[in-house]
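>>> Sequence first, then the predicted structure:
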Amino acid sequence: DTGVSQDPRHKITKRGQNVTFRCDPISEHNRLYWYRQTLGQGPEFLTYFQNEAQLEKSRLLSDRFSAERPKGSFSTLEIQRTEQGDSAMYLCASSFFGQETQYFGPGTRLLVL
Amino acid sequence: EDQVTQSPEALRLQEGESSSLNCSYTVSGLRGLFWYRQDPGKGPEFLFTLYSAGEEKEKERLKATLTKKESFLHITAPKPEDSATYLCALAGGGGADGLTFGKGTHLIIQP
């Protein structure tokens, strides 16, 4: 069990550029979650997948955000036309269906200049 | 709407000085209450899951308890390496599967 991994760990981009983050969940975990965390706040839920199906989206997930989990394994989160307000830590978590505990990855820290 | 409030926002203790962190919550049908530890620049590290009032769990110097309105994280004889932000989160029965987090308690243990 290697834990949840995320790539890249850090990303600096210019306003208006597109960025994509990857998350690899704990093997055999069929649920995968994306959260966003800003300084001094707790993580905020964005969206989650059960296998390859995206089952829930938060109202925080604007039209510029899209997430995929094409084969029910790894997931990608893309932000189009980034804005300075998108600067945050993006966290991925995974769990077994039927078990509530979620295990988090190390996060991807995004800075939009 | 599920809500989580943590207090205090920050706490500074001397090494060996025991204390408790509070997590107050409102939820429609609790599916689980979680405690995580987060070090600067890292993702949250899972500590405990509590499911029903009266439940308690322990791990080393930490003990988590749960009532119908709040949870406590008790820290006994803390060491400097216990310094971190402690996050409380819940999974509610309203259908949403994402966790609702509090803002955390920033704990500093001075040697």
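Now that the structure is in, tell me what you want to look at.

>>> Only C-alpha atoms from now on, for both contacts and neighbour counts.
Fine.

>>> Tell me what B:Leu87 is bridged to.
Note on B:Leu87: beta-bridge partners B:Tyr36, judged by DSSP bridges.

>>> again, but for A:Tyr90
Counting by DSSP bridges, A:Tyr90 forms beta bridges with A:Arg36, A:Thr108.

>>> And for B:Gly92?
Applying DSSP bridges, one finds that B:Gly92 bridges with B:Leu30.

>>> same deal with B:Leu66?
B:Ser71.

>>> give me the number of residues near the nearest residue to B:Ala10 once chain neighbours are set aside?
Excluding the flanking residues, the one nearest B:Ala10 by CA to CA, 6 or more residues apart in numbering or on different chains is B:His106, at 4.5 Å. A count of nearby residues for B:His106, using other CA atoms under 10 Å in any protein chain shown, gives 21.

>>> Quick check: B:His106 touching B:Leu11?
Yes: between B:His106 and B:Leu11 there is a contact at 6.2 Å, judged by CA atoms under 8 Å.

>>> Could I get the contacting residues of residue 89?
Here I'm looking at chain A. Shown in contact with A:Met89 (CA atoms under 8 Å, 6 or more residues apart in numbering or on different chains): A:Arg36, A:Gln37, A:Thr38, A:Gly107, A:Thr108, A:Arg109, A:Leu110.

>>> Not quite, go with chain B.
B:Ala89 touches B:Val4, B:Leu33, B:Phe34, B:Trp35, B:Leu99, B:Thr100, B:Phe101, B:Gly102, counting by CA under 8 Å, 6+ apart.

>>> Next one: the closest residue to the third one other than its chain neighbours from A:Thr2, what distance?
So the one you mean is B:Phe34. Taking CA to CA, 6+ apart, and ignoring the residues beside it in sequence, B:Phe34 has B:Thr49 as its nearest neighbour in space, at 4.6 Å. Using CA to CA, to the nearest Å, B:Thr49 is found at 21 Å from A:Thr2.

>>> Please work out which residues outside stretch B:71-79 touch it.
B:15-24, B:61-66, B:109-111.

>>> Show the buried residues in the residues you listed.
Listed as buried from those are B:15, B:20-24, B:62-66, B:109-110; burial here means 16 or more other CA atoms under 10 Å in any protein chain shown.

>>> Those: which two are farthest apart?
Taking CA to CA as the measure, the buried ones among the contacts of stretch B:71-79 span a maximum distance of 27.9 Å, between B:Leu66 and B:Gln110.

>>> quick one, which of B:Thr49 and A:Thr2 is more surrounded?
Comparing B:Thr49 with A:Thr2 by neighbour count (other CA under 10 Å), the higher total belongs to B:Thr49, at 23 against 8.
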